[in-house]
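[1] Next comes the sequence, and after it the predicted model I'd like to discuss.
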Amino acid sequence: MKVACVVPSAGKGKRLGSGEDKPFMLLGGKPILAHTLGALDGCKFIDNIVLVASRNKLKTCGRLVKKYKFRKVCAIVPGGKKRFDSVKNGLSKVKDANFVLIHDGARPFISRELIKKVFVAAKKHGAALCATASKQTLKSVNKNLFIKDTPERKFIWEAQTPQAFKKSLITKAYKKSKNRNATDDSYLVEKLGHKVKIVKGSYRNIKITTPEDLTLARVLIKKVGL
């Protein structure tokens, strides 16, 4: 059995208000992406990693991989305009895997233990992701911002990555979907009618998107270390 991991890392970091692309911003003295790849590269059951980056950062990624000696990065491919396009480009380079994990390059606090739990669940159910129970009461609204519904909080979970799938399942989901605005891989699999298993994630497994996220990440790295 072979396992591949696609790492979409083509984010520009516009919401961070930084001139540097998000994956290459420093966190604890290392690029955010280096922390993420370190966790994935150290997983024994992952055979290879496909890294997806902005076209103008392909050489930078190559230097990063070489500097930190990430042995499992087998391809660095250009991303697209949307996350959907980037993941699809990455999946096109996965040739001989039975399972595919997808993990955001901007989630540097992922643990190897959680990666393994998601993979084990995917082997059993065909599709799995980690997620955390919502701490907030959420509202469903219409386009005019009037509330349509208040879903019961105990049934609301916030999706994270990694997400893991049978390769045949996730490639079919991306091939059939016309929704390029989708930001969640499991959503595309759900649309095929396939059940997706949730594994309890970690509230530390944040995606660095806003200045507030970066501030929290700098606090976390001092506490947990990477």
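    Good, I have the coordinates. Numbers count the residues shown, from 1 in each chain.

[2] Point out where the chain drops to low pLDDT.
    Low-confidence segments of the chain, defined by pLDDT under 70: 13-19, 225-226.

[3] if you set the cut-off to 80 instead, what comes out?
    11-21, 223-226 (pLDDT under 80).

[4] Now do the strands in it.
    Using DSSP state E, the strands of the chain run over 3-9, 26-27, 30-31, 48-53, 73-78, 99-102, 127-133, 140-141, 147-149, 157-166, 197-200.

[5] Export those as TSV, with columns for mean neighbour count and distance to Lys178.
    For the C-beta atoms, the positions are set from N, CA and C on the backbone; glycine is no exception. Converted to TSV, the strands of the chain look like this (neighbours: other Cβ atoms under 10 Å; distance: least, Cβ to Cβ, whole Å):
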stretch	mean neighbour count	distance to Lys178
strand 3-9	27	19
strand 26-27	15	36
strand 30-31	20	34
strand 48-53	26	21
strand 73-78	18	22
strand 99-102	26	19
strand 127-133	22	20
strand 140-141	10	23
strand 147-149	8	25
strand 157-166	23	19
strand 197-200	16	26
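
[6] Reformat those strands as JSON lines; add distance to Ile208.
    What follows is the strands of the chain, written out as JSON lines (distance: least, Cβ to Cβ, whole Å):
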{"stretch": "strand 3-9", "distance to Ile208": "11"}
{"stretch": "strand 26-27", "distance to Ile208": "8"}
{"stretch": "strand 30-31", "distance to Ile208": "11"}
{"stretch": "strand 48-53", "distance to Ile208": "16"}
{"stretch": "strand 73-78", "distance to Ile208": "20"}
{"stretch": "strand 99-102", "distance to Ile208": "17"}
{"stretch": "strand 127-133", "distance to Ile208": "16"}
{"stretch": "strand 140-141", "distance to Ile208": "27"}
{"stretch": "strand 147-149", "distance to Ile208": "30"}
{"stretch": "strand 157-166", "distance to Ile208": "13"}
{"stretch": "strand 197-200", "distance to Ile208": "21"}
